[in-house]
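Visitor: turn this into a model:
(one chain, ligands or ions: 2)
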Amino acid sequence: MADKDKKEIDKISGVETTGHEWDGLKELNNPLPRWWVWVWLVCILWAVWYWVLYPAWPVPGGATEGTKGYTQFKELAQSQKEILARQQEYLDKFENASFDQIMNDQELYAFAMAGGASAFKDNCATCHGSGAEGSKGYPNLNDDDWLWGGKLSDIYYTIKYGIRSVDEQTRISQMPAFGKDGFLDRKEIDAVVSYVLALSGSVGDHGEVEDYSLGKKVFAQNCATCHGDNGQGNREFGAPNLSDKIWLYGGKREDIFYTVYNSRAGVMPTWKNRLDENTIKELAVYVHQLGGGEDENYDMSSQVDKEKVADDAKQEQPQSTKE
Ligand code: HEC
Ligand code: HEC
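Guide: Residues are numbered from 1 along each chain as shown. Ligands and ions are numbered 1, 2, ... in the order given. Here you go, the predicted structure:
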């Protein structure tokens with residue numbers, strides 16, 4: 001062996017050096033710690049095992065597949081299946097629950113509220129506002145002033161079939177266009193508008209005390225059938241209460257004049273074909289709790305009566321109130 005190959009022995013530790021030296025520091029040639037070597041060997045074995053079982057080596061067009069056929073897509077699909085199954089369990093329970101059961105079961109109620117809130121944002125906020133506060137022609141759903149009723153079953157029916165919608169079972173009624181269609185003359189309309197303003201406690205625009213006798217007569221003959229003798233409204237016809245200060249189309253003289261002259265006939269679409277039964281139920285619960293929900297015996301079978309009421313309203317609908 002050549003001289004330069006001969007390893008130097010460190011005098012202090014008695015261990016051979018590697019021959020590497022930095023600024024007088026020499027590296028000792030100690031063997032690797034045994035534990036370290038074992039870990040290293042185990043890692044190598046583990047890597048080989050992993051290459052065989054799982055996708056590991058990049059190859060053209062993907063990677064080696066591994067004998068287990070594992071992919072993250074499969075794992076995702078599996079966990080999605082589990083989530084859907086868990087959701088389905090709720091949906092089944094929800095579907096078979098009456099409103100009474102939903103309102104008395106915290107889990108079902110929370111489920112309805114969460115689903116209703118998001119369905120409302122997606123489908124209803126465009127017209128009713130994101131807080132359901134409404135705007136001109138679009139009713140506020142937070143208050144307890146209802147055109148067609150604030151019980152769960154009323155709200156459910158309204159959402160499902162709509163108001164003056166294309167559905168056969170829609171809520172329907174039609175206030176005549178008293179001016180445009182010539183049922184009342186200008187003087188009579190002015191008089192009845194003054195009377196309507198007075199009903200809600202707003203005095204006439206001119207400040208003077210008006211003579212309401214003509215307005216009162218016109219109202220009794222033409223309006224009371226739908227709006228009630230004292231203008232308190234009638235939900236069978238969706239006719240608003242005219243004696244409060246809540247206005248769907250505005251409470252100024254010109255707004256009311258416009259309504260009486262032309263009629264309005266707001267349209268709420270039917271959601272029967274666009275939303276599934278569960279979503280409509282969730283929405284009914286959501287709208288009901290917004291503030292104006294009314295109590296009832298939350299029984300879905302009351303829908304039968306509701307349908308009858310709607311049919312009756314269609315038949316009783318006054319075509320012209322002036323003859
Ligand atoms: C295209 C506009 C529009 C959309 C979208 C719409 N609505 Fe309506 N909605 C109306 C109008 C207009 C009325 C009032 C109709 C009338 O004059 O009687 C109404 C009335 C209602 C009423 C009856 C209020 C009462 O006082 O009786 C409820 C409840 C209601 N909407 C809920 C909903 C829900 C829930 C959705 C979403 C699924 C929705 N609306 C989507 C226009 C809309
Ligand atoms: C066939 C039933 C019917 C008759 C008759 C009727 N109305 Fe109406 N009226 C309604 C309905 C339904 C609405 C609200 C829904 C819509 O048109 O969008 C309404 C709305 C109104 C409004 C708007 C209220 C608001 O909150 O903005 C006024 C005002 C009104 N009617 C006054 C009258 C007067 C005055 C008469 C008689 C000259 C009359 N109505 C006759 C059914 C009727």
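Visitor: now do the helices in the stretch 51-200 of the chain.
Guide: When secondary structure is read from DSSP state H, counting those that start in this stretch, the stretch 51-200 of the chain shows helices at 72-95, 99-103, 106-123, 125-128, 152-161, 186-199.
Visitor: show me which residues of the stretch 201-323 of the chain sit near ligand 2.
Guide: Contact residues (Cβ under 6 Å from any ligand atom) of the stretch 201-323 of the chain with ligand 2: 222-223, 225-227, 237-240, 242, 247-249, 256, 259-260, 264-266, 317-318, 321. The way it works is simple: take the backbone N, C-alpha and C, and place the C-beta from them, glycine included.
Visitor: those residues in helices, which ones?
Guide: Among those, the members falling in helices (DSSP state H) are 222, 225-227, 256, 259-260.
Visitor: residue 280 reaches residue 159, doesn't it?
Guide: Yes: at 5.4 Å, residue 280 and residue 159 qualify as touching, with contact defined as Cβ atoms under 8 Å.
Visitor: what residues does this structure put near ligand 1?
Guide: Residues of the chain lying near ligand 1 (Cβ under 6 Å from any ligand atom): 123-124, 126-128, 137-139, 141, 146-148, 155, 158-159, 163, 238, 266-269, 271, 283, 287.
Visitor: residue 18 sits in which helix or strand?
Guide: Taking DSSP states H and E as the definition, residue 18 sits inside strand 17-22.
Visitor: just the buried residues out of the residues of the stretch 201-323 of the chain next to ligand 2, in PyMOL syntax.
Guide: In PyMOL, this line selects whichever of those come out buried by 16 or more other Cβ atoms under 10 Å:
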select buried, resi 222+223+225+226+227+237+238+239+240+242+247+248+256+259+260+321
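Visitor: how about the residue of the stretch 51-200 of the chain found nearest ligand 2: what's its closest non-neighbour residue?
Guide: Residue of the stretch 51-200 of the chain nearest ligand 2, by Cβ to the nearest ligand atom: residue 175 (3.3 Å). The spatial neighbour of residue 175 that comes closest, neighbours along the chain excluded (Cβ to Cβ, 6 or more residues apart in numbering), is residue 263 at 4.6 Å.
Visitor: ok, that neighbour - contacts?
Guide: Contacts for residue 263 (Cβ atoms under 8 Å, 6 or more residues apart in numbering) come out as 174-178, 180.
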